[in-house]
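Asker: Here's my sequence, what's the structure:
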Amino acid sequence: MNLLLDTHALIWFFNGDIQLSEKAKQAIINSQNQKFVSIASIWEFSVKISLKKLLFEGGEWFS
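Answerer: Reported below is the predicted structural model:
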């Protein structure tokens, strides 16, 4: 299956956030699935990081 992961899904996945459903988590983990990330999501990450609004679990600012 091909998956296009949006910004929130990526953030939730990386942080282990409970807002990401178990079904979505399993789909991302499944090595049989091909995952894609939009360039727009990369841009959103960049903006959030530059504004210090993106914090990954563990207390480290991602930069």
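Asker: Let me see the contact set for the spatially most central residue of the chain.
Answerer: A centroid search over the chain (Cα atoms, centre = their mean) returns Leu10, at 0.9 Å, as the residue closest to the centre. Contact analysis of Leu10 by Cβ atoms under 8 Å, 6 or more residues apart in numbering lists 37, 41, 45. Just so you know, the C-beta spots here come from the backbone N, C-alpha and C atoms, and that holds for glycine as well.
Asker: again with Trp12
Answerer: For Trp12, counting by Cβ under 8 Å, 6+ apart, the contacting residues are 19-20.
Asker: hang on, the earlier thing: JSON lines for the contacts of Leu10, including secondary structure?
Answerer: Converted to JSON lines, the contacts of Leu10 look like this (DSSP: H, G, I helix; E, B strand; the rest coil):
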{"residue": "Val37", "secondary structure": "strand"}
{"residue": "Ser41", "secondary structure": "helix"}
{"residue": "Phe45", "secondary structure": "helix"}
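Asker: Generate TSV for those residues, with distance to Ala27, neighbour count and pLDDT as supplementary columns.
Answerer: As requested, the contacts of Leu10 are exported to TSV (distance: Cβ to Cβ, whole Å; neighbours: other Cβ atoms under 10 Å; pLDDT from 0 to 100):
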residue	distance to Ala27	neighbour count	pLDDT
Val37	14	15	95
Ser41	17	18	92
Phe45	21	16	86
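Asker: if we can go back for a sec, helix, strand, or coil at the residue nearest to the centre of the chain?
Answerer: When classified by three-state DSSP, Leu10 comes out as helix.
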